[in-house]
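# The following comprises the amino acid sequence and a computationally predicted model.
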Amino acid sequence: MLVKHMKNAKNVQAPLEPRPKSSNPTSLSLALGVKTDPIEYRYSFQWLFRLLQEEDIHLVQLGTFFELYHLPDDAFLQLRAEAEAHGVCIRSLFTAHRELGGFFRKEAGYEQVARRCYERLIEVGALLGALSVGSNPGAVMRDEIDFKPDGLARYIRHMKELMHYAYEKGVRWLTIEPMSCLAEPPATPEEIRYLAEELNAYHAAHLSSTARVGYCVDIAHAYIDKKGALCYTPQALFEAALPALYEIHLKNTDASFAATFGFSEEERLRGVIEIATFRDLLYQHAHHLPVSEVVGYLEISGPKRGRDYTDPLLESQLRSSLRYLKKHFTARPSEAVLSPTPSRTVRVAPSMMCADQAHLADEVRELEMLGVDWLHMDIMDTHFVPNMPLGLTTVEHLRSLTRLPFDVHLMVEHNELFIERLAKIGVQSISVHAESTRHLDRVLSLIRAHGIQAGVALNPATPLSALEYVRELIDFVLIMTVNPGFAGQLLTASAIRKIEDCRRWLDERGLSQLPIQVDGNVSFTNIARMVAAGADILVVGSSSLFASERPRLENMRRIEQAIEEGMRLRQERSRKP
């Protein structure tokens, strides 16, 4: 079953440099491994290596144990040799006991111990030949929660120094696990974004001397606040970490996110984690990942430790979970999952008026991750329409955050003043209302003189004849399907007919190449009808992409499905005599 939001949780993207947009999701590969935690003080490493050899699993993430920080180097060289003798590679090393949390402690000595142990962890990783070494940052004492900002700053300072140390030792990646409570950062999309941005900016400035930093994401981690409200689901946190994701912890959990177990048939009945959901997210957003191969490590604690009647159950638990994950995690998804966007011929332009105005930068990053085509900006002056959601200063700020094309819809009385400012900001298209100016020809010519695409917006009652004598100057037509100024209105009665008439009007004049943009109640219910009628650009808002009932990714999928249905209906109509 798919984990669902229980409130409107935002998904935030850390602004790292993604792989090129042309990256083919089919080039992504997923591999399966095991974290060694469940055998600690129960079975030998040789026992685990034999089991993995029999199950054709070749990757291990070594979980830490108390002796690890004090054993001599030879112990790890021998362990590496034993693994390789069974065809197993210890590819990753990761903490198991929150033992490196001293950076968040006030008491004397804790910070220094955490630093020494982290350095030893890196040294051990290098001895094992691991590509990555990782840990969760640590926990602030709940009765000293005010120390969190200082502790986080201290952690970041040490991590930057440790990035150099890891590079010197030959470890390529340091990984961080997002956690599940505010006392253990990062636990929210905002914290995930901040930490990744800070550390990877440092790496970018010291490419020749630092290891990279990425996330080891646990797919069963969620954030529930102190009142018991689910604020961020595992899927929401996973999506937020995608641009910095390096490796994954695979585990199941219950509806309260309070238990950890695997993927046997019995465990799947009581679990809420659907592996295919996270697998498909990886493929859909492969172009945002910093790596082309992602390893998912089964991370379970196993049955009750230290009982003759429970310890022997571990083998069957491991085998059943690994077999399920081999079938469902490493399996290729359907073509529909691999390439939903390239098959889409209709553009999606989210209305930023419907975004969270207090977190617009985060909203833009999420929309990039979702694969939208344009960002639609409504500029109003409180005169032509009685509202003013976005100002030019906001548009200018957002321009510095993204390369997505900006589509600006002017609902103002003095268009020329705004066009000059928007040209300096660097927008790609501007639409002006035929009703807003006495000199539409002059205004459209001004837009095009700046190398910007020009569109004419028509209010619901404005006839298409308003386009007749400026048709040589327009690059697209914007059909308002509600009266302008406010989000959340109902579709006007003539909206679909007007889209059809506009398409016919353009075709009859040899302007079939000009797209029709529609704005107003572009809902899940209306999208297919609009596309079938001839709409080519959808300004989506509160009734579709920004609808709060479901996660944004799911909303985007529904939009694409509605577009497909609309294109099917359009093609059927075109075949009719």
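Arrived safely, thanks for sending. Numbers count the residues shown, from 1 in each chain.
# Run a quick neighbour tally on residue 83.
The number of residues packed near residue 83 is 25, by other CB atoms under 10 Å. (Glycine included, C-beta is placed from N, CA and C.)
# Can you tell me the SS state at it?
helix (DSSP: H, G, I helix; E, B strand; the rest coil).
# so what's it closest to, chain neighbours aside?
residue 90 (5.3 Å; CB to CB, 6 or more residues apart in numbering).
# Can I take it that the one you found is in a helix?
No: counting by three-state DSSP, residue 90 is not found in a helix; it is strand.
# ranges for the helices of the stretch 51-200 of the chain?
With DSSP state H, counting those that start in this stretch, the ranges of helices along the stretch 51-200 of the chain come out as 73-85, 110-128, 148-169, 189-205.
# Output those helices as JSON lines; include the columns mean pLDDT and distance to residue 479.
As requested, the helices of the stretch 51-200 of the chain are exported to JSON lines (pLDDT from 0 to 100; distance: least, CB to CB, whole Å):
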{"stretch": "helix 73-85", "mean pLDDT": "98", "distance to residue 479": "64"}
{"stretch": "helix 110-128", "mean pLDDT": "98", "distance to residue 479": "59"}
{"stretch": "helix 148-169", "mean pLDDT": "98", "distance to residue 479": "50"}
{"stretch": "helix 189-205", "mean pLDDT": "94", "distance to residue 479": "36"}
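# Reformat these as TSV; add distance to residue 267.
Listed next are the helices of the stretch 51-200 of the chain as TSV, based on distance: least, CB to CB, whole Å:
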stretch	distance to residue 267
helix 73-85	27
helix 110-128	30
helix 148-169	34
helix 189-205	28
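# Nearest approach to residue 430 belongs to which of these?
Among those, the nearest to residue 430 by CB to CB is helix 189-205 (30.9 Å).
# low-scoring stretches of the stretch 351-500 of the chain, by residue?
For the stretch 351-500 of the chain, the stretches flagged by pLDDT under 70 are 385-389, 485-488.
# try 50
Judged by pLDDT under 50, the stretch 351-500 of the chain has no weakly predicted residues.
# Would you mind saying which of the helices of the stretch 51-200 of the chain lies nearest residue 276?
helix 189-205 (22.5 Å).
# Give the next helix or strand downstream of that closest one.
Using DSSP states H and E, the helix or strand that directly follows helix 189-205 along the chain is strand 212-218.
# how distant is that following strand from the center of its chain?
For strand 212-218, the separation from the chain centroid amounts to 14 Å (computed by CA atoms, centre = their mean, to the nearest Å).
# helices and strands around the helix or strand following it, which ones?
For strand 212-218, the following helix or strand on the C-terminal side (DSSP H and E) is strand 223-224. For strand 223-224, the packing partners by 3 or more CB pairs under 8 Å, 6 or more residues apart in numbering; DSSP states H and E come out as strand 230-232.
# Report the rounded mean pLDDT for the strand it packs on.
Averaged over strand 230-232, pLDDT sits at 84.
# what are the pairing partners of it, and which direction each?
Here strand 230-232 is paired, per DSSP bridges, with strand 223-224 (antiparallel).
# tell me the domain boundaries of the chain?
What automatic domain parsing lists as the domains of the chain is 25-329, 347-575.
# and residue 18, what pLDDT?
pLDDT, read off for residue 18, is 35.
# hey, where'd the strands end up in the stretch 1-150 of the chain?
Using DSSP state E, counting those that start in this stretch, the strands of the stretch 1-150 of the chain run over 29-35, 59-63, 89-94, 132-135.
# Just send those strands back as CSV, with distance to residue 428 too.
Formatted as CSV, these follow (distance: least, CB to CB, whole Å):
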stretch, distance to residue 428
strand 29-35, 35
strand 59-63, 45
strand 89-94, 43
strand 132-135, 40
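# circling back to that earlier point, surely the residue nearest to residue 83 is in contact with residue 82?
No: contact criterion CB atoms under 8 Å: residue 90 and residue 82 do not qualify, at 9.8 Å.
# Between the two, which is the more surrounded one?
Taking other CB under 10 Å, residue 90 and residue 82 do not tie; residue 90 has more neighbours (25 against 15).
# Kindly provide the distance from the residue positioned nearest the centre of the chain to residue 365.
With distances taken as CA atoms, centre = their mean, residue 239 lies nearest the centre of the chain, 3.4 Å away. From residue 239 over to residue 365 the distance is 11 Å, taken as CB to CB, to the nearest Å.
# do the same with residue 261
Taken as CB to CB, the span from residue 261 to residue 365 is 34 Å.
# before we move on, the earlier item: of the strands of the stretch 1-150 of the chain, which is nearest residue 378?
strand 29-35 (40.9 Å).
# how far off strand 89-94 does that closest one point, in degrees?
70 degrees (axes from the mean of the first three to the mean of the last three CA atoms, to 10 degrees).
# Determine how far strand 29-35 lies from the middle of the whole chain.
Distance, centroid of strand 29-35 to centroid of chain: 21 Å (CA atoms, centre = their mean).
# buried set for it?
Within strand 29-35, the residues that count as buried by 16 or more other CB atoms under 10 Å are 30, 31, 32, 33, 34, 35.
# Now tabulate these in CSV and tack on distance to residue 391 and pLDDT.
As requested, the buried residues of strand 29-35 are exported to CSV (distance: CB to CB, whole Å; pLDDT from 0 to 100):
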residue, distance to residue 391, pLDDT
30, 44, 96
31, 48, 97
32, 50, 98
33, 50, 98
34, 54, 99
35, 50, 98
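# Could you take these and lay them out as JSON lines, with extra columns for distance to residue 324?
Shown next, in JSON lines, are the buried residues of strand 29-35 (distance: CB to CB, whole Å):
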{"residue": "30", "distance to residue 324": "14"}
{"residue": "31", "distance to residue 324": "16"}
{"residue": "32", "distance to residue 324": "10"}
{"residue": "33", "distance to residue 324": "15"}
{"residue": "34", "distance to residue 324": "13"}
{"residue": "35", "distance to residue 324": "16"}
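# Which one of those residues is nearest to residue 300?
Closest to residue 300, out of all of those and judged by CB to CB, is residue 35, at 8.2 Å.
# my guess is the closest one contacts residue 249, does it?
Yes: between residue 35 and residue 249 there is a contact under CB under 8 Å: 6.9 Å.
# who touches both of these two?
297, 299 (CB atoms under 8 Å, 6 or more residues apart in numbering).
# chain center to stretch 467-487: distance?
Its chain's average C-alpha position is 33 Å from that of stretch 467-487, according to CA atoms, centre = their mean.
# Okay, and the residue nearest to the centre of the chain sits in which element?
helix 234-241.
# and that helix, what does it pack onto?
By 3+ CB pairs under 8 Å, 6+ apart, helix 234-241 packs against helix 189-205, strand 212-218, helix 275-284.
# Just say which of the ones you listed is most tucked in.
strand 212-218 (a mean of 26; mean count of other CB atoms under 10 Å).
# Now do that one against strand 29-35, angle only.
Put simply, strand 212-218 runs at 70 degrees to strand 29-35, going by the same axes, to 10 degrees.
# Dump the helices and strands packed on helix 234-241 to TSV, plus distance to residue 576.
Converted to TSV, the helices and strands packed on helix 234-241 look like this (distance: least, CB to CB, whole Å):
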stretch	distance to residue 576
helix 189-205	48
strand 212-218	50
helix 275-284	35
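# Quick one, which of these gets closest to residue 42.
Nearest of the helices and strands packed on helix 234-241 to residue 42, taken as CB to CB: strand 212-218 at 21.9 Å.
# packing partners for the closest one?
The elements that strand 212-218 packs onto, with contact taken as 3+ CB pairs under 8 Å, 6+ apart, are strand 132-135, strand 173-176, helix 189-205, helix 234-241, strand 245-250.
# If we use 6 Å, what do you get?
Judged by 3 or more CB pairs under 6 Å, 6 or more residues apart in numbering; DSSP states H and E, the packing partners of strand 212-218 are strand 173-176, helix 189-205, helix 234-241, strand 245-250.
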